[in-house]
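Colleague: Got a predicted structure plus its sequence, pasted below:
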Amino acid sequence: MRRLAWAGWRMIAACCLLVCFAAASSADVIVLKNGRRIVAVNVKEAEGKISGETPAGTITVPASMVDRIERDAPGRSPAADLRWGPPRADLSGDAGAAAQPVVRGSAIDFEALQRIRREASNGDAAAVARAADAESAVGAFEFNRGNLDEALIHAERALAFEPAKGTLLLNVAYLRLRRAEYGSALAFLVRARRVAPDSPDVAKLTGWAYYGLNRLPQAVEEWRRSQRLLPDDDVAGALAKAERDLEAERNFREDGSEHFVLRYDGAAAPELARSILRQLEDDFRSVSAALDYSPSEPVAIILYTNRAFADITRAPAWAGAINDGRIRIPVQGLTSVTPALARVLRHELTHSLVGGKTRGRCPVWLQEGVAQWMDGSRLGPAAAASLVSLYDRHEDPSLGSLEGSWMNMPSDFVGTAYAWSLAVVESLVHAGGTSDIERLLDRIASEPTAEPAVRAAVRLDYATLNRFTADYLRSNYSR
Ligand SMILES: [Zn+2]
């Protein structure tokens with residue numbers, strides 16, 4: 001029994017490590033008390049010091065200088081991968097907005113907002129400007145409390161009052177980027193550039209839009225321009241990564257299908273690329289239907305030889321594929337879509353669609369649970385028994401601890417994290433079907449944090465969800 005359980009564990013661990021480690025190349029942000037933001041990977045805290053790797057080398061700063069560390073999370077859309085703060089000029093609360101009477105303490109005064117909007121209807125310039133400011137203030141308020149949908153509605157209303165105002169154009173573009181609507185964001189940025197040709201923010205966000213559209217040369221050009229206008233740590237990190245990609249992909253061939261853009265290194269066979277696209281289109285139909293989500297832009301796939309994969313993605317040695325907004329898959333030696341590769345494709349595609357549907361907000365346990373469920377992984381009796389005994393010893397992982405990046409997770413715990421995440425999703429699907437998962441993801445997209453979204457969608461808090469999972473494992477896998 002014990003030996004069997006161990007074998008079951010090994011199988012799950014090997015399979016998961018093989019198929020996934022989303023966004024290993026994504027980064028954390030060390031925010032210093034003076035406001036400076038340093039983008040770094042492998043951020044660690046030890047002996048009163050915070051250290052991390054940046055494109056310029058390893059940096060170490062005293063913990064006393066650090067305000068907070070914003071942890072990145074695997075399995076996100078490209079928009080989320082570049083989860084940058086709003087443009088400097090606006091949104092996070094500017095002076096004009098603060099002076100508005102429409103936001104009082106922690107609430108919006110909708111009557112005041114309506115009155116200000118009505119006053120603008122006669123076209124008086126001062127009244128129109130006041131209405132734009134008021135809508136902007138409400139947008140900033142909603143943004144600051146995590147309601148991106150509402151923030152966009154108000155940002156667009158503000159822009160409707162003053163369609164040629166650069167900051168308002170930037171706000172709308174920024175919020176669209178956060179929703180992974182790159183093409184639409186780009187249209188607003190083109191207008192913003194006409195108003196403010198030398199704005200570093202316009203170049204920064206335009207680079208982001210091109211990056212999301214998988215147009216690397218344009219992204220690099222915009223970010224270089226942005227750095228010339230005003231050096232910025234966010235841009236420095238993204239630019240270094242994009243330049244690395246561009247260099248590596250110089251000799252890549254390109255192919256595409258209805259929902260995908262695929263680049264691959266000359267060493268990979270064009271027939272393999274074609275069959276990968278066919279497989280992906282099949283998967284797209286079923287996964288997209290199950291999740292009731294279809295991205296507005298094609299999903300980017302890059303095939304590497306193993307060596308290039310390790311060099312470019314800087315992934316840990318155990319990572320089999322990466323999804324940092326672009327799905328990166330090592331295919332050295334393959335000439336056709338093997339069952340293992342098919343599973344990787346489906347798994348990583350699921351990450352992309354879940355990331356898009358939740359606008360980059362999906363906690364990692366749910367990302368990995370859903371991706372495994374969609375790729376066909378199931379626990380099996382031995383792994384289920386191990387998880388149940390973990391639960392009985394009160395050693396089950398708390399879902400709160402599995403929300404953020406798994407990048408620095410001890411490698412002997414990674415298998416447990418994947419297995420428990422799969423168990424939770426299996427139990428939810430068992431109880432309510434994939435439509436429950438679909439509803440949950442929708443909720444995640446609109447709630448500022450994950451646990452309240454889980455509570456609203458499936459009526460369980462994290463602790464109860466773990467008990468629910470253990471009960472499911474006991475009743476469905478016991479022999
Ligand atoms: Zn994964």
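Modeller: Yep, that arrived.
Colleague: When you work out contacts or count neighbours from here on, use the C-alpha atoms and nothing else.
Modeller: Will do.
Colleague: what are the phi and psi angles of V220?
Modeller: With angles defined as degrees, to the nearest 10, V220 sits at phi -60, psi -40.
Colleague: For it, the count of nearby residues, please.
Modeller: Other residues lying near V220 total 24 when counted by other CA atoms under 10 Å.
Colleague: contacting residues for it?
Modeller: Going by CA atoms under 8 Å, 6 or more residues apart in numbering, V220 touches 207, 239, 242-243.
Colleague: So for it, what pLDDT did the model give?
Modeller: For V220, the pLDDT comes out at 94.
Colleague: For R115, see how far away it is.
Modeller: Distance, V220 to R115, by CA to CA, to the nearest Å: 45 Å.
Colleague: just K33 next, same as before
Modeller: Distance, K33 to R115, by CA to CA: 40 Å.
Colleague: number of nearby residues for the residue in the stretch 151-300 of the chain that the ion sits nearest to?
Modeller: For the stretch 151-300 of the chain and the ion, the shortest gap (CA to the ion) falls at V287, measuring 14.8 Å. Residues lying near V287 (other CA under 10 Å) number 22.
Colleague: Please give the number of neighbouring residues around A125.
Modeller: Neighbour number of A125 under other CA under 10 Å is 12.
Colleague: Among the contacts of V220, which one is most surrounded by other residues?
Modeller: Busiest of the contacts of V220 [other CA under 10 Å] is G207, holding 28 neighbours.
Colleague: In this structure P200 contacts S226, no?
Modeller: Yes. Contact criterion CA atoms under 8 Å: P200 and S226 qualify, at 4.6 Å.
Colleague: May I have the predicted confidence score for the residue sitting furthest away from the middle of the chain?
Modeller: Within the chain, the residue lying farthest from the chain centre (CA atoms, centre = their mean) is N122, at 43.2 Å. N122 carries a pLDDT value of 84.
Colleague: So which bits of the stretch 301-450 of the chain are right by the ion?
Modeller: Selection of the stretch 301-450 of the chain residues close to the ion by CA under 5 Å from the ion yields E368.
Colleague: Next, work out how far apart the residue of the stretch 301-450 of the chain found nearest the ion and R178 are.
Modeller: Closest residue of the stretch 301-450 of the chain to the ion, CA to the ion: E368 (4.8 Å). Separation of E368 from R178 (CA to CA) stands at 21 Å.
Colleague: more neighbours, those two?
Modeller: E368 (30 against 25).
Colleague: close enough to count as contact, Y304 and R328?
Modeller: Yes. Here Y304 reaches R328: they are 7.3 Å apart, a contact under CA under 8 Å.
Colleague: show me where the stretch 201-350 of the chain has strands.
Modeller: Along the stretch 201-350 of the chain, counting by DSSP state E, counting those that start in this stretch, strands occupy 253-256, 260-264, 299-304, 322-323, 326-330.
Colleague: Skipping its backbone neighbours, what lies nearest V235 in space?
Modeller: Once flanking residues are discounted, V235 sits nearest to W223: 6.3 Å by CA to CA, 6 or more residues apart in numbering.
Colleague: related to what we said a few turns ago, and the strands of the stretch 201-350 of the chain as JSON lines, adding mean neighbour count?
Modeller: Compiled in JSON lines, the strands of the stretch 201-350 of the chain are given as follows (neighbours: other CA atoms under 10 Å):
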{"stretch": "strand 253-256", "mean neighbour count": "16"}
{"stretch": "strand 260-264", "mean neighbour count": "21"}
{"stretch": "strand 299-304", "mean neighbour count": "24"}
{"stretch": "strand 322-323", "mean neighbour count": "29"}
{"stretch": "strand 326-330", "mean neighbour count": "23"}
